[in-house]
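Chemist: Sequence and predicted structure are below.
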Amino acid sequence: MYASTHSLSRSPRRPASSGTRTFARKSFPGSRPGGSGRSRFGGSSRGTGGGFSRGGRRGKSERIDISRFVNKVTITEDAMHFTPDNTFQTFLIDESIKNTITAKGYILPTPIQDKAIPQILSGKDVVGIANTGTGKTAAFLIPLIHKIILNRKEQVMIIVPTRELAIQIDTELRQFVQGMRMFSVCCVGGAPISKQIRDLRYEYNFIIGTPGRIKDLLDRKMIRLNEFGTIVLDEADRMLDMGFVNDMRAIMSGMPKNRQTLFFSATLSQEIEKLIGEFLHEPVRISVKTQDTSKNVDQDIVRVQNGKEKIDILHDLLNQKELTKVLIFGRTKHGVEKLSQVLTKRGFRAESIHGDKNQGGRQQALRLFKDNKIQILVATDVAARGLDIADVSHVINYDIPATHDDYVHRIGRTGRAGKLGKALTFVD
């Protein structure tokens, strides 16, 4: 546990102090304070255990025991024991795809890639349940690119919950199909719809987008769903949580009956099972979810002691030399923006990303963070899923997440690609 001192050294665990003042509560109007309580590819109430309600989440919160935020990394041989049945060279895919994969330096598929790619190539519907950062994107892109090589009239729709994830998938796709005369249109909110309408008038094989913008383009009759033989629903649990279920149903209802449907989710709830029953036909189920949180992430808490200001504790942490690239999560859009501004005024190189920021601003903030031009990115849970940002040294939960699943996805932004990462959660 980290106490509210100027050091990152560990100290004995203590009960939460009553009457603790937090920076979020005092200085952020509209922000709710957190309570206590390369061989492979892709690859609010207070008190201990209190329940939390996050702005932007539709009816989803749970009580989280703070002991679930503490987990010391233990390196074991187990983590290295996965032996794939395939290599990328033995997959029945076009040589041009193999050449691209080889040029990237990848040899062995991750577990989800090893199991899913053959099933997708065979034309089956697939349900993939896998932890964040397991290479799901390549697991569906590789076989779908091959499918289009075999039939240039084939069209694929990929639906994801956030603009950032859509843009990331589109970027990865473009890297794969360079020189293949295979085109995509990225359809997301916050970007000019006129450009997307213009792009949709040209030849394309992929549409990658968010449910709301795709629904808008459908209403404008710019997309004809009966032309799509394949649909991918990625991060389906997050789309459900964000209230996109009606848009998802509207889109699926217009798809051909004989389509191929690929459904990826990090969690499997009753609601997700219901969607699987509605959308897929005799799907093959693949689960490579082995644990709740990454073995590569060292997790601990930061106690906000009575008389200490939360922002001052954060300031001291960020001044430690080991915090080289830090992703800080807050609960509300307003709180995240204010925290980013305060950190900037204190001399830190910080930017924000949240739903109220325009798309250009969000992409610029991400680009600066990825390129190490800034040290700190302050974000809502819009950045918690799917984003692949290299070398994030620390994830800090300045506000406690609404659910443990959200916590898992947040801290999954560090400790990636076999590297060690650290996650710290502020508690009263």
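Modeler: All right, it came through fine. Residues are numbered from 1 along each chain as shown.

Chemist: Mind telling me what element Leu366 is part of?
Modeler: helix 359-370 (DSSP states H and E).

Chemist: what's the spacing between that helix and its chain's center?
Modeler: For helix 359-370, the distance from its own C-alpha centre to the chain's C-alpha centre is 16 Å (CA atoms, centre = their mean, to the nearest Å).

Chemist: moving C-terminal of it, what's the next helix or strand?
Modeler: strand 376-379.

Chemist: Check which helices and strands the helix or strand just after that next one sits against.
Modeler: Per DSSP H and E, the first helix or strand lying C-terminal to strand 376-379 is strand 394-397. On a contact count with 3 or more CB pairs under 8 Å, 6 or more residues apart in numbering; DSSP states H and E, strand 394-397 meets strand 326-329, helix 404-411, strand 421-427. For every residue, glycine as well, the C-beta is placed using N, CA and C.

Chemist: and among these, the most buried is which?
Modeler: A comparison of the helices and strands packed on strand 394-397 by mean neighbour count, using mean count of other CB atoms under 10 Å, puts strand 326-329 on top with a mean of 27.

Chemist: Mind checking the pLDDT average for that one?
Modeler: Model confidence over strand 326-329, given as mean pLDDT, is 96.

Chemist: So what are the sheet partners of that strand and their directions?
Modeler: In the sheet, strand 326-329 lines up against strand 376-379 (parallel), strand 394-397 (parallel) (DSSP bridges).

Chemist: What is the subsequent helix or strand relative to it?
Modeler: Per DSSP H and E, the helix or strand that comes after strand 326-329 is helix 333-345.

Chemist: what comes up buried for that next one?
Modeler: Along helix 333-345, these residues count as buried under the neighbour rule (16 or more other CB atoms under 10 Å): Lys333, His334, Gly335, Val336, Glu337, Lys338, Leu339, Ser340, Val342, Leu343, Thr344.

Chemist: Can you read off the pLDDT for the second one?
Modeler: Model confidence at His334, given as pLDDT, is 94.

Chemist: ok, back up a step: show me which residues of the helix holding Leu366 are buried.
Modeler: Residues of helix 359-370 classed as buried under the neighbour-count rule (16+ other CB under 10 Å) are Arg362, Gln363, Ala365, Leu366, Phe369, Lys370.

Chemist: For that helix, which helices and strands make contact with it?
Modeler: The criterion is 3+ CB pairs under 8 Å, 6+ apart, and the helices and strands that helix 359-370 contacts are helix 163-176, strand 350-353, strand 376-379.

Chemist: Can you say which of these is packed in most?
Modeler: Neighbour counts averaged per stretch over the helices and strands packed on helix 359-370 are highest for strand 376-379, at a mean of 27; criterion: mean count of other CB under 10 Å.
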